[in-house]
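Novice: For reference, the sequence and a predicted model appear below.
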Amino acid sequence: MRVYDSLVELMGNTPLVRLHNVSAGVPAQVLAKVEYFNPGGSVKDRIAARMIEAAEASGELRPGGVIVEPTSGNTGVGLAIVAQKKGYRCLFVVPDKVAQDKIAVLRAYGAEVVVCPTAVSPEHPDSYYSVSDRLAREVAGAWKPDQYSNVNNPDSHYHSTGPEVWEQTEGRVTHFVAGIGTGGTISGTGRYLKEVSDGRVKIIGADPEGSVYSGGSGRPYLVEGVGEDIWPATYDTKICDEIIAVSDKDSFTMTRRLAREEGLLVGGSCGMAVVAALRVAAKGTPDDVIVVLLPDGGRGYLSKIFNDDWMADYGFLTTTSDEGLVGDVL
Ligand code: PMP
């Protein structure tokens with residue numbers, strides 16, 4: 001029988017898909033690494049399995065333990081899937097800017113979810129960093145993976161995403177573009193691609209305007225899962241050759257175009273990364289092979305990015321005479 005023993009075996013090995021329409025007219029090839037093919041629907045499945053296995057090996061996580069983590073949703077789903085298989089409880093802390101749908105998904109997997117305000121400093125006792133620290137101290141059997149400092153986060157990408165991109169492009173990749181949240185994806189994948197290519201592959205970070213990685217102060221932006229107001233240990237500052245800041249409006253406009261023009265129903269950080277990739281591709285040559293990582297699917301954002309009223313409320317749509325509300329063309 002051709003059977004997988006568990007969904008965990010299906011994590012990683014996601015496909016590379018060529019972009020055609022949104023990249024029309026740019027000289028370089030742009031290939032999307034579509035992470036919604038992971039069983040939990042996002043790139044974060046990759047880090048979940050590795051962080052849990054390492055904690056079991058070190059004795060930090062024992063049978064019947066509780067996984068406590070601040071997560072915008074995707075890491076929670078990956079952790080919840082692995083935890084179910086291994087019999088752990090999950091207690092997740094999320095900021096209130098996260099879409100309701102994403103929180104409902106975490107609860108559907110059986111996790112408990114605590115929602116905290118976004119508009120407070122990281123040091124504030126109600127911030128999602130502080131609340132998760134407190135729960136990790138107070139709950140019996142708690143273990144906090146801490147995707148913001150856990151070396152197994154970037155290491156999972158060093159051992160999976162990086163080799164996959166290299167093998168799938170037969171070593172022809174010239175640029176790797178990804179959004180930066182914890183920095184795990186770009187740091188681990190980037191380190192692998194730099195090592196295997198003797199530094200030839202250029203690593204480009206995409207960042208929401210206002211986030212610290214592109215020189216901002218951490219002021220609020222709406223794109224989810226990327227950008228920071230602190231510098232996490234999982235982000236290796238030596239890996240990126242360039243960081244490109246992208247506005248919410250450009251990120252969401254491109255996200256909608258990816259669904260309509262490429263059939264890729266993906267999240268807002270995907271649109272952001274594609275905008276950055278296209279800016280690189282526009283300056284490239286036909287020999288350039290630009291791989292852009294798309295972290296998650298779009299179903300968690302139907303009431304926001306894919307909702308015309310929500311987009312219009314933020315001024316992200318403009319009117320044209322006969323087509324009604326349409327997004328700006330980049
Ligand atoms: N996009 C989304 C939707 C995410 O959830 C994350 C993870 N926070 C990222 C991008 C960024 O990935 P990383 O944490 O590896 O930098």
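Specialist: Perfect, thanks for sending it.

Novice: Report how many residues lie close to Thr237.
Specialist: As a burial measure, Thr237 scores 9 neighbours (other Cβ atoms under 10 Å). The way it works is simple: take the backbone N, C-alpha and C, and place the C-beta from them, glycine included.

Novice: before we move on, what about Val266?
Specialist: Other residues within reach of Val266 by the criterion other Cβ under 10 Å amount to 26.

Novice: beta partners for it?
Specialist: Beta-bridge pairing of Val266 under DSSP bridges involves Gly297.

Novice: show me the contacts for it.
Specialist: Val34, Tyr36, Thr255, Leu258, Ala259, Leu294, Asp296, Gly297, Gly298 (Cβ atoms under 8 Å, 6 or more residues apart in numbering).

Novice: Among those residues, which one is most surrounded by other residues?
Specialist: Most neighbours among the contacts of Val266, by other Cβ under 10 Å: Leu294, with 30 neighbours.

Novice: Assess the claim that that one and Phe37 are in contact.
Specialist: No: applying Cβ atoms under 8 Å as the test, Leu294 and Phe37 come out as separate, 9.9 Å apart.

Novice: Could you measure from the residue nearest to Gly179 when sequence neighbours are not counted over to Arg62?
Specialist: What sits nearest to Gly179 in space, not counting adjacent residues and going by Cβ to Cβ, 6 or more residues apart in numbering, is Val226, at 3.9 Å. Noted for Val226: a distance of 33 Å to Arg62, by Cβ to Cβ, to the nearest Å.

Novice: Those two - which one has more neighbours?
Specialist: A side-by-side neighbour count of Val226 and Arg62, using other Cβ under 10 Å, places Val226 first with 29 against 11.

Novice: so who does that one touch?
Specialist: Neighbours of Val226 in contact, by Cβ under 8 Å, 6+ apart: Gly179, Ile180, Gly181, Ala206, Asp207, Pro208, Ser211, Ser269, Met272.

Novice: residue in the stretch 151-300 of the chain nearest to the ligand?
Specialist: Residue of the stretch 151-300 of the chain nearest the ligand, by Cβ to the nearest ligand atom: Gly225 (2.5 Å).

Novice: hang on, that residue packs against Gly267?
Specialist: Yes: with contacts defined as Cβ under 8 Å, Gly225 counts as touching Gly267 at a distance of 7.0 Å.

Novice: Now list whatever residues contact both of the two.
Specialist: With contacts defined as Cβ under 8 Å, 6+ apart, the residues shared by Gly225 and Gly267 are Pro295, Asp296.
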